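> What shape does this take:
(3 chains, ligands or ions: 2)
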Amino acid sequence: MKTNRAFVLLGVLLLVVCTGLAASLDRWFMGWQGNRAKNFNPLNVAIGDGQKIFAGQFYRKADVYFHSGMYPSIFDNNASFKTAHIGEDAGATGSKNQGDEANYLGKSHDIVEQFSRNFFPSHHTHLDEGGVAGELGDKSDVREILPWLKIAQELDPEEPLTYTVTAYWLRSRMNKPHEAERLLREGLKALPDHPALQFELGRIYFENQKDSARARNIWEHAVKSWQKQEGVKADPDTFILEQILTHLAKLEEEAGNLPLAISYWEQAKVYARKPDVIQQRIDELAPRKLVPNGPP
Amino acid sequence: MNTMLETSKPAAPARGAAALPAGRDQLNGNPVGFKPDVITIKNLRIEYRSRELGSQKKLAVKDLSLSVHAGEVFGFLGPNGAGKTSTMNVLLGFVPPTSGTANIFGVNVQQTIARQRLGYLPELTYYYKFLTAEELLRFYSRIFGIEKAERERRIDAVLKLVELEHARKRLIKTYSKGMQQRVGLAQALINNPDLLILDEPTSGLDPLGRMKVRDIIKRLKNEGKTVFFSSHELGEVETVCDRVAIMHEGELKVAGRVDDLAQQHQCNLEQLFLKIVGYQPENL
Amino acid sequence: MKNSFAVAQLVILEMYRRKDFYVLYFLTVLITGLMGSVNFFNDPKVARYLKEICLALIWICGAFIAIATTARQIPAERESRTIFPLMAKPITRGQVLFGKFLGCWVATCLCLVAFYLFFGIVAAAKEHDWPVGIYFQAWSLHCVMLGVVIGMTLLGSLVLSSVAANITLSVVITAGILFVGRHLNKVAAQMSETAGAMVSGLYYAIPHLELFDVRDLIVHNWPLIGWSIWGIAVVYALVYAGMLVLASWLVFRRKSFQ
Ligand SMILES: Nc1ncnc2c1ncn2[C@@H]1O[C@H](COP(=O)(O)OP(=O)(O)OP(=O)(O)O)[C@@H](O)[C@H]1O
Ligand SMILES: [Mg+2]
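Ligands and ions are numbered 1, 2, ... in the order given. Purely as a prediction, here's the structure:
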């Protein structure tokens, strides 16, 4: 009867795993059904802030999918993966990556390792560039990262990066600006007036809906939000401010408001990682400033 | 009923038959004439080593020498813990002897081939609960290498013999204790063995069942088979056995023909048994 | 061999009559179905997460079936005393042991066939693709890998006194190798000399079960691995399984049944 007991124990274990899954899914389903009531979540009680850590894991998982599974483990040299490439390529966050991302495994140390490399993905690819099949692949395959981003967002609804990254890929590769907008609005409920979310929303207006007025409006609002929320911090996130300012500058350039554009470029230069590039742009624009509505 | 062993040809041992000394013909010949020994035990000693440190060895059988002749029914008696089951465990190769030797058909019991012509009924056993009686017997007969057609015939015959035909397609886990005991007897007979080792074959059976087992043993004897069995039913032993041996605390106390012993000691088997185990009521 | 087949057949029959497999299969189908019905940003083509979940469940269930079935074989024979009538037949201990191994292995492989068929259906429903070659590779590598696990559990069931301890130990060792086996050499490189030598000794001694885990290749639609590589891997696993069965036999041969 000992064997039976072991079985019961393992069965119970499986049940616990399933309930855990169900508990986390429950929240998610509620979200989908539009049930906004604060519901009791056993997972919340059980792991509390641990949820944030899990959320980070799932965000990473999305990046693993972005690379079709070719990803360094904690035992590998992950200098070129410090910042998830999904965030880096989406322009949603500054990058700390350095080194050779395609060859992080380096030379194999021994015969077992050499042999083992046949059994897992071993080329650096990005899904939005066609993934494993390269140029021939389907660029909208980047959709495969969505489930993990969704879980990350559900686990930690107060992480802005999840919203902006998801929204970026939804609108830029999957042609789903509506879903992107809805997601960002949802995010703005959890994080009112967050500059990064407002910035990303502005990009939908500007790039997808070609609505400069709305974009200008929200980006100007975003600059103010940034000053209110980040500007007061000791170590503010200037990456996003630079992004907002450069986009505003480009928008004003397009609209022909060159003095305003130059003023945005000037502000952006303060925070820029490559101020000389911006200075070059300013120098280009400066002579044209004198001639309003100059040649395009 | 009496056709069980006649309808079927002897289950030809699949391999190694030639390696066995004392061929079938001799065994099936005149049982009162020349009788080769089927079981020979010489100076057998069995010790159980306990797992726990510090506790000393348990001596189960000491210096046992015994032989069982072809064609006889041999009763192996003794009180609880006398060493009967231990001796049988050695005969079947479950436990290696501490010293001494045991042979079956002249082959050392450690060799697999010694068990080709042997049927064994263990003391307490449950059979695979997830099988039906029929499947269990089919499984065992495959191991004996019995041909397919012959196999089904044997299964029908032994199930009929132990009166389990009605339940042959039911899972063994639904059987009563007595029915399980009968399945045990059926599997012991499946290969039409020349030697049967039965450890308390009648335990758990109702009076009618016991009588039937006795009948089966008698019939086997008539067919020239050798039966070596242990029992606590002295009356039963007296009626079916040619010879008996009585063990006590691991030692062989007496062995011989039932009637010889009765003459020698001037008492019946039960009284002799009680005397040997040291029980002395006033009226004896 | 004939005797081993008879014993193996018995194991398979037992598996087929027990409820474990059906329960696990049902759970896998249920969980996969549930997960498959989730809507992600109105994009019904999202598939890989589902493939990964389904495969993860298959790996858990496969390991569970292999370990739980094997761990109870010999102990159950001894506990219910069915080993006595069995060993009283002209069958050697090696044949019994090999039959048990074979039965557990074949039964597990058969279960995996059912599981991978389900996986194929799920993947085909989502991606309209049926890459039989890589499925076969994944299934066969999974099978030989579980062969090693079964060998290990069989040895454990002869050495350890309790079934629960054996199951726990087998699960821990299997999971441990799957998760860190690949990285032990890197870990060793960062340790002091003696500890490092021990860890890298371990690295070379353990069966590298993680090699056989090609789930990432299937999930992300990578091409087949080379058939020669596949062949070497199969042989590698069979050698380890063979050594474990041999070790089990050496233990079992000397056991006395009381
Ligand atoms: N596995 C074991 N470990 C230690 N001692 C044992 C073991 N098996 C049996 N013994 C001891 O050996 C002695 C003989 O036991 P055995 O089972 O042979 O007796 P038996 O004659 O069959 O008795 P019964 O009539 O009760 O069946 C007993 O004293 C018993 O305690
Ligand atoms: Mg006994």
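
> C-alpha from now on. contacts and neighbour counts both.
OK.

> how close does B:Leu189 get to chain C?
12 Å (CA to the nearest CA, to the nearest Å).

> again with A:Gly94
Remark: distance between A:Gly94 and chain C (CA to the nearest CA) = 26 Å.

> One more: A:Gly56?
Here the criterion is CA to the nearest CA. By it, A:Gly56 lies 17 Å from chain C.

> List the contacts of that residue.
Counting by CA atoms under 8 Å, 6 or more residues apart in numbering or on different chains, A:Gly56 touches A:Ala152.

> Does it lie in a helix or a strand, and which?
Counting by DSSP states H and E, the secondary-structure element that holds A:Gly56 is helix A:50-66.

> Could you check the pLDDT of the one residue in chain B that gets nearest to chain A?
Nearest to chain A in chain B, going by CA to the nearest CA, is B:Lys129, at a distance of 13.3 Å. Each residue has a pLDDT score; the one for B:Lys129 is 88.

> my guess is it meets B:Ile172, correct?
Yes. With contacts defined as CA atoms under 8 Å, B:Lys129 counts as touching B:Ile172 at a distance of 5.0 Å.

> of those two, who's got more company?
Taking B:Lys129 and B:Ile172 together and counting by other CA atoms under 10 Å in any protein chain shown, B:Ile172 has the greater number of neighbours (23 against 16).

> In the stretch 151-284 of chain B, mark out all the strands, start to finish.
Residue ranges of the strands in the stretch 151-284 of chain B, as given by DSSP state E, counting those that start in this stretch, are B:195-199, B:226-230, B:243-248, B:251-257.

> Identify the residues contacting the closest residue to ligand 1 within the stretch 101-250 of chain C.
Nearest residue of the stretch 101-250 of chain C to ligand 1, counting by CA to the nearest ligand atom: C:Ser161, 15.0 Å away. Taking CA under 8 Å, 6+ apart, we find C:Ser161 in contact with no residue.

> for the chain, which spans come out with low pLDDT?
All of this refers to chain A. Low-confidence segments of chain A, defined by pLDDT under 70, span residues A:1-13, A:15-49, A:288-296.

> Chain B is the one I meant
Going by pLDDT under 70, which is the cut-off in play, chain B has low-confidence ranges at B:1-35, B:51-55, B:281-284.

> which residues does the spatially most central residue of it bridge with?
Among the residues of chain B, the one closest to the centroid is B:Ile197, at 1.6 Å (CA atoms, centre = their mean). According to DSSP bridges, B:Tyr120, B:Phe228 are recorded as the beta-bridge partners of B:Ile197.

> That one and C:Lys51, how far apart?
From B:Ile197 over to C:Lys51 the distance is 58 Å, taken as CA to CA, to the nearest Å.

> Quick one: neighbours of C:Thr194, just the number.
Summarising burial for C:Thr194: neighbours were counted as other CA under 10 Å, giving 10.

> Now do the SS call for it.
Classification of C:Thr194 by DSSP: H, G, I helix; E, B strand; the rest coil places it in helix.

> contact partners of the strand or helix carrying A:Leu241?
Taking DSSP H and E as the definition, A:Leu241 sits inside helix A:238-255. Contact partners of helix A:238-255, identified using CA under 8 Å, 6+ apart, comprise A:92-94, A:195-196, A:199, A:212, A:216, A:219-220, A:222-223, A:226, A:258, A:260-265, A:267-269, A:271-272.

> Please apply the same query to stretch C:195-207.
Outside stretch C:195-207, the residues within contact range by CA under 8 Å, 6+ apart are A:112, C:148, C:177, C:181-182, C:184-185, C:187-190, C:237, C:240.

> Pick the most buried one from the strands of the stretch 151-284 of chain B.
Mean neighbour counts were taken over the strands of the stretch 151-284 of chain B using mean count of other CA atoms under 10 Å in any protein chain shown, and the top value, a mean of 26, falls to strand B:226-230.

> any idea how far it is from the chain center?
A distance of 4 Å separates the centroid of the chain from that of strand B:226-230, by CA atoms, centre = their mean, to the nearest Å.

> which strands and helices sit next to that strand?
In terms of contacts (3 or more CA pairs under 8 Å, 6 or more residues apart in numbering or on different chains; DSSP states H and E), strand B:226-230 is packed against strand B:73-77, strand B:195-199, helix B:207-222.

> Now do the first one: distance to the chain's middle.
Computed by CA atoms, centre = their mean, the separation of strand B:73-77 from the middle of its chain amounts to 9 Å.

> Quick check: can you name the pairing partners of it and their directions?
Note on strand B:73-77: by DSSP bridges, its sheet partners are strand B:226-230 (parallel), strand B:243-248 (parallel).

> picking up where we left off before, tell me if I'm right that the residue nearest to the centre of chain B and B:Leu121 touch.
Yes. Judged on CA under 8 Å, B:Ile197 makes contact with B:Leu121 at a distance of 6.4 Å.

> Helices along chain A, start to end?
A:2-32, A:42-47, A:50-66, A:85-89, A:111-116, A:146-155, A:160-172, A:177-190, A:195-203, A:212-229, A:238-255, A:258-271, A:275-289 (DSSP state H).

> actually the stretch 1-150 of chain C, sorry about that
C:2-17, C:20-36, C:48-79, C:83-87, C:93-127, C:132-159 (DSSP state H, counting those that start in this stretch).

> So for B:His69, which of those helices sits nearest?
Nearest to B:His69 among the helices of the stretch 1-150 of chain C is helix C:83-87 (23.5 Å), distances taken as CA to CA.

> any bit of that closest one sitting next to ligand 1?
No. Counting by CA under 6 Å from any ligand atom, no contacts exist between helix C:83-87 and ligand 1, the nearest distance being 13.6 Å.

> Show me which residues of the stretch 151-258 of chain C are close to ligand 1?
On the criterion CA under 6 Å from any ligand atom, ligand 1 has as its neighbours in the stretch 151-258 of chain C the residues C:Gln258.

> surely A:Gly69 meets A:Phe119?
No. Judged on CA under 8 Å, A:Gly69 makes no contact with A:Phe119 at a distance of 11.7 Å.

> what is in contact with these two at once?
Shared contacts of A:Gly69 and A:Phe119, defined by CA under 8 Å, 6+ apart, are found at C:Leu217.

> These two: which has the busier surroundings?
Regarding A:Gly69 and A:Phe119, a neighbour count based on other CA under 10 Å identifies A:Gly69 as having more, with 24 against 21.

> Now for the more buried one: which residues touch it?
A:Gly69 touches A:Pro121, C:Asp216, C:Leu217, C:His220, counting by CA under 8 Å, 6+ apart.

> Look up which helix or strand the second one falls in, please.
The one in question is C:Asp216. helix C:215-219.

> helix or strand right after that helix?
Counting by DSSP H and E, the element after helix C:215-219 in chain order, helix or strand, is helix C:227-254.

> So the closest residue to chain B within the stretch 51-200 of chain A versus A:Leu146, what's the distance?
Scanning the stretch 51-200 of chain A for proximity to chain B using CA to the nearest CA identifies A:Phe119 as nearest, at 40.6 Å. Shown here: A:Phe119 relative to A:Leu146, a distance of 26 Å by CA to CA.

> out of everything not next to it in sequence, what's closest to A:Leu143?
You called it Leu, but residue A:143 is Arg. C:Val46 (6.1 Å; CA to CA, 6 or more residues apart in numbering or on different chains).

> can you count the residues close to the one you found?
Other residues near C:Val46 number 22, with proximity taken as other CA under 10 Å.

> how about it, what does it touch?
By CA under 8 Å, 6+ apart, the residues touching C:Val46 are A:Arg143, A:Glu144, A:Leu146, A:Pro147, C:Phe40, C:Lys126.
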